[in-house]
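Asker: What follows is a protein structure lacking sequence information:
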């Protein structure tokens, strides 16, 4: 039997269902047991500018600035 982490891995659920390593009932029960963590998420903005990827982490940038200030002292 597959390890539990791989059994419910979103990338291979369809394969596990086809191979009958996982049943629809097991998948439904697993999904019902998941905790809703949507209130703990943060938005990450990803874009392309002048052929380069740009990722903005508003909260992380401030923390990095604080870390650089601490190391300079």
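Answerer: Cool, got the structure. All of these numbers come straight from a predicted model, not from anything done at the bench.

Asker: Near residue 27, how many other residues are there?
Answerer: 15 (other Cβ atoms under 10 Å). Any C-beta I mention is one placed from the backbone N, CA and C, and that applies to glycine too.

Asker: That one touches residue 10, doesn't it?
Answerer: No: look at residue 27 against residue 10 with Cβ atoms under 8 Å: they stay out of range, at 10.7 Å.

Asker: ok, now how distant is the residue most central in space within the chain from residue 22?
Answerer: Central residue check for the chain by Cα atoms, centre = their mean: the C-alpha nearest the mean position is that of residue 41, 9.9 Å away. Applying Cβ to Cβ, to the nearest Å, the value for residue 41 to residue 22 is 27 Å.

Asker: Equivalent analysis for residue 5, please.
Answerer: Applying Cβ to Cβ, the value for residue 5 to residue 22 is 12 Å.

Asker: again with residue 57
Answerer: Relative to residue 22, residue 57 is positioned 35 Å away (Cβ to Cβ).

Asker: who's more crowded, these two?
Answerer: Applying other Cβ under 10 Å to residue 57 and residue 22 shows that residue 22 carries more neighbours, namely 21 against 13.

Asker: Let's verify that one: helix, strand, or coil?
Answerer: Three-state call for residue 22 (DSSP: H, G, I helix; E, B strand; the rest coil): coil.

Asker: what's the answer for residue 54, then?
Answerer: Assignment for residue 54 (three-state DSSP): strand.

Asker: Also residue 46?
Answerer: Three-state call for residue 46 (three-state DSSP): strand.

Asker: Near it, how many other residues are there?
Answerer: If we define neighbours as other Cβ under 10 Å, then residue 46 has 8 of them.

Asker: So which residues of this protein form strands?
Answerer: 45-49, 52-56 (DSSP state E).
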